[in-house]
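K.L.:
Okay, here's the prediction I keep looking at, along with the sequence it came from:
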Amino acid sequence: MIQAFLLSFKLAALTALVLLVFGVPLAYWLAFNDFRGRRLLEALLLLPLTLPPTVLGFYLLLLLSPDGPLGKIGLRWAFSFAGIWLGSIIFSLPFALTAYKEAFRAIDPEVLDVVRTLGVSRWKRWRKVILPWIWPGLLSGTLLAFAHTLGEFGVVLLVGGNIPGKTRVASIYIFDLVQALDFEAAHQAAAVFVALSFALIYAVRSLEERWKSRTGSSNR
Amino acid sequence: MEIAYRIEQPLRLDVELQVRGLTALLGGSGAGKTTLLKALAGLVPANGRPFAGLPPEKRQVGYLPQGYALVPHLTAAENVALALPDDGGSAVSLLEKVELAHLADKLPGELSGGQQQRVALARALARKPRLLLLDEPTSALDAISRDSALDLLESLSRSLKLPVLIVTHDPYVASRCDHVGVLENGRIAQAGNPEDVFQRPATVSIARMVGFSNIFSGVISEITDSGVVLSVGEKRFRVETPNRPPPGSRVDWGIRPEEVMVVRPDRPLPQELRGNVLTVTVERMQKRGAGYCLQLGGELPLSMLLPRHVQDRLRLTEAASIEVVLKPRYIHLFSASD
């Protein structure tokens, strides 16, 4: 059980990290720029919200298999950790991106404009104005992506299969136990999940409250 | 400082204006006042002097938008420090200049509108601007804070020898400035001392902007030593004016509501003023500040302001019939082209 949970944590943490590093600039770009095809791009990025995880997993499996288009160029990631990592990133991107974009949208663009007229450099604007303004939003988006990755099942199962220590994450582990009618062990693992998920969602909600009270104190 | 700016988007403006001391840019809503300020701050693309082509970071301009745009999660002192170079300058000493040093550790949300404005002012000064731009600085303030804000701007402008451009639609603010420019149809339609603009507005629309609510048309019937005789229907008004259109020309003319006077029955007017008297009835009477605003009907539909001490003596009521006089020197002729 511990092995499965550790793998889940590793997967969720690495997924959240990638989303934080690449999702924040992407969200900033989407929040403050208008360009042709923006709606199309956003719809594409948000698609995993409505797609059944098995569909996403199925196509990733085809793409990443040794004969698939990505497999042929060296990305033979089917049934590997890299494969479920990529799947998790795509699957959790809508959650992180929506939260990050909300965070940026709460910034009054006029404040950023006026701060520019004060002669504040770009680096200092991010450090002193933008990041301190939105960090609770960024953190809550990242935690949400983390929690969402922990609970994911369909994508991981299809892309990664069920290899202990490599791709068998906690949710699949529970599925296995139930299949084997070992309800006692399944209970234990499931209870851990309930507690974990509750703690994470609670943290996200508290951050959102805190973030709202901050942006609410703006003088608009 | 002389500014000359040409803007294409979001609306066309071609503006030349002297900014000295406190200068008001007066204009109706949608005239482009805010756009001009943003262009001067480098936030709207434009051509012109000074600062042409520089990004906002490089312009020595202090810009205060209507909402002040303080950073909500930084204290007053931190907001000011944002504009200071890393190696020095004291945020608190700048807050002292705006008499706010005791609130240095407060967040913007904990300050009143007037206090936020002064923090924004201190922050703009931290940048050592050569020009200060303020967008409707008094629109959110009550009458007392409005006066103290203007007092502060006046003393800062004098002590720092800093030209200040104040965008406003409030004639009172303009009347307190050293210089006024009126923005209309994308250009400066009139500029000068507030006295000139208020007493001799160049066009009917500027007249409305600076508080002329009685605007009528008439025909010049005669030229006199001191001005003209203006005929309006059956009436012949004497007008003192240096501007003497030839007899027969149609003109627009007006009188400020505070310059319409009630004729006191116990004090007969000199003979030459009798022609400027109108018999009217009080149709509506409203409290306006410490006095009253009267809508008059009869020979001319006028509005007038009645100070309280006059009302205390006259005790007018609605439907009362009174005589009012339009004194020759208070009647203003607009240029005939309007």
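P.N.:
Yep, that arrived.
K.L.:
all contacts plus neighbour counts: C-alpha atoms, from now on.
P.N.:
Noted.
K.L.:
ok, B:Q286 - contacts?
P.N.:
By C-alpha atoms under 8 Å, 6 or more residues apart in numbering or on different chains, the contact list for B:Q286 reads B:292-294.
K.L.:
Mind pulling up the pLDDT for it?
P.N.:
We have a pLDDT of 91 for B:Q286.
K.L.:
what's the answer for the one 4 residues further on, then?
P.N.:
Looking at B:A290, its pLDDT stands at 83.
K.L.:
The one 4 residues further on too?
P.N.:
According to the per-residue confidence, B:L294 scores 93 in pLDDT.
K.L.:
Now it: closest residue in space that isn't a chain neighbour?
P.N.:
Nearest residue to B:L294, sequence neighbours excluded (C-alpha to C-alpha, 6 or more residues apart in numbering or on different chains): B:M285, at 4.7 Å.
K.L.:
Please report the number of neighbouring residues for the one you found.
P.N.:
Other residues within reach of B:M285, judged by other C-alpha atoms under 10 Å in any protein chain shown, total 19.
K.L.:
Low-confidence regions, the chain specifically.
P.N.:
The chain I'm using is chain A. Applying pLDDT under 70 to chain A flags the ranges A:214-220.
K.L.:
Correction: the question concerned chain B.
P.N.:
B:87-89, B:335-338.
K.L.:
By proximity to chain A, which residue of it wins?
P.N.:
Per C-alpha to the nearest C-alpha, B:E57 is where chain B lies closest to chain A, at 4.0 Å.
K.L.:
Grab the CA positions of the one helix or strand the residue nearest to B:L294 maps to and hand them over as PDB.
P.N.:
B:M285 belongs to strand B:277-288 when assigned by DSSP states H and E. Extracted in PDB, the C-alpha atoms of strand B:277-288 (Å, rounded to 0.1, in the frame of the first residue of the first chain):
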ATOM      1  CA  VAL B 277     -36.200  93.800 -16.400                       C
ATOM      2  CA  LEU B 278     -38.400  90.800 -16.900                       C
ATOM      3  CA  THR B 279     -41.600  89.900 -15.200                       C
ATOM      4  CA  VAL B 280     -41.600  86.300 -14.400                       C
ATOM      5  CA  THR B 281     -43.400  83.700 -12.200                       C
ATOM      6  CA  VAL B 282     -41.600  81.200  -9.900                       C
ATOM      7  CA  GLU B 283     -42.500  77.800 -11.300                       C
ATOM      8  CA  ARG B 284     -40.300  75.700  -9.200                       C
ATOM      9  CA  MET B 285     -38.100  76.200  -6.200                       C
ATOM     10  CA  GLN B 286     -35.500  73.700  -5.000                       C
ATOM     11  CA  LYS B 287     -33.000  73.800  -2.200                       C
ATOM     12  CA  ARG B 288     -29.500  74.000  -3.600                       C
END
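K.L.:
Most neighbours among the contacts of B:Q286, which one is it?
P.N.:
Busiest of those [other C-alpha under 10 Å] is B:L294, holding 22 neighbours.
K.L.:
Bridging across strands, which residues link to it?
P.N.:
Note on B:L294: beta-bridge partners by DSSP bridges are B:M285, B:M304.
K.L.:
list the contacts for the closest residue to B:K235 other than its chain neighbours?
P.N.:
Sequence neighbours aside, B:G275 is the residue nearest to B:K235 in space, at 7.2 Å (criterion: C-alpha to C-alpha, 6+ apart). For B:G275, the contact set (C-alpha under 8 Å, 6+ apart) comprises B:235-238.
K.L.:
Would you mind listing what in the stretch 1-150 of chain B touches chain A?
P.N.:
For the stretch 1-150 of chain B, the contact set with chain A under C-alpha under 8 Å from any C-alpha of the partner chain comprises B:41-43, B:56-59, B:61-65, B:67-73, B:82-83, B:108-109, B:123-124, B:127.
K.L.:
Those in helices, which ones?
P.N.:
B:41, B:82, B:123-124 (DSSP state H).
K.L.:
Spell out the residue ranges of the strands in the stretch 101-250 of chain B.
P.N.:
Remark: strands assigned in the stretch 101-250 of chain B by DSSP state E, counting those that start in this stretch are B:131-135, B:164-168, B:179-184, B:187-192, B:214-223, B:227-232, B:235-240, B:250-255.
K.L.:
Could you dump those strands into JSON lines with distance to A:R205 and mean neighbour count added?
P.N.:
Output for those, formatted as JSON lines (distance: least, C-alpha to C-alpha, whole Å; neighbours: other C-alpha atoms under 10 Å in any protein chain shown):
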{"stretch": "strand B:131-135", "distance to A:R205": "38", "mean neighbour count": "24"}
{"stretch": "strand B:164-168", "distance to A:R205": "43", "mean neighbour count": "26"}
{"stretch": "strand B:179-184", "distance to A:R205": "50", "mean neighbour count": "26"}
{"stretch": "strand B:187-192", "distance to A:R205": "52", "mean neighbour count": "18"}
{"stretch": "strand B:214-223", "distance to A:R205": "60", "mean neighbour count": "18"}
{"stretch": "strand B:227-232", "distance to A:R205": "73", "mean neighbour count": "21"}
{"stretch": "strand B:235-240", "distance to A:R205": "73", "mean neighbour count": "22"}
{"stretch": "strand B:250-255", "distance to A:R205": "63", "mean neighbour count": "21"}
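K.L.:
JSON lines for these, including distance to A:A185?
P.N.:
As requested, these are exported to JSON lines (distance: least, C-alpha to C-alpha, whole Å):
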{"stretch": "strand B:131-135", "distance to A:A185": "68"}
{"stretch": "strand B:164-168", "distance to A:A185": "73"}
{"stretch": "strand B:179-184", "distance to A:A185": "79"}
{"stretch": "strand B:187-192", "distance to A:A185": "80"}
{"stretch": "strand B:214-223", "distance to A:A185": "90"}
{"stretch": "strand B:227-232", "distance to A:A185": "102"}
{"stretch": "strand B:235-240", "distance to A:A185": "103"}
{"stretch": "strand B:250-255", "distance to A:A185": "93"}
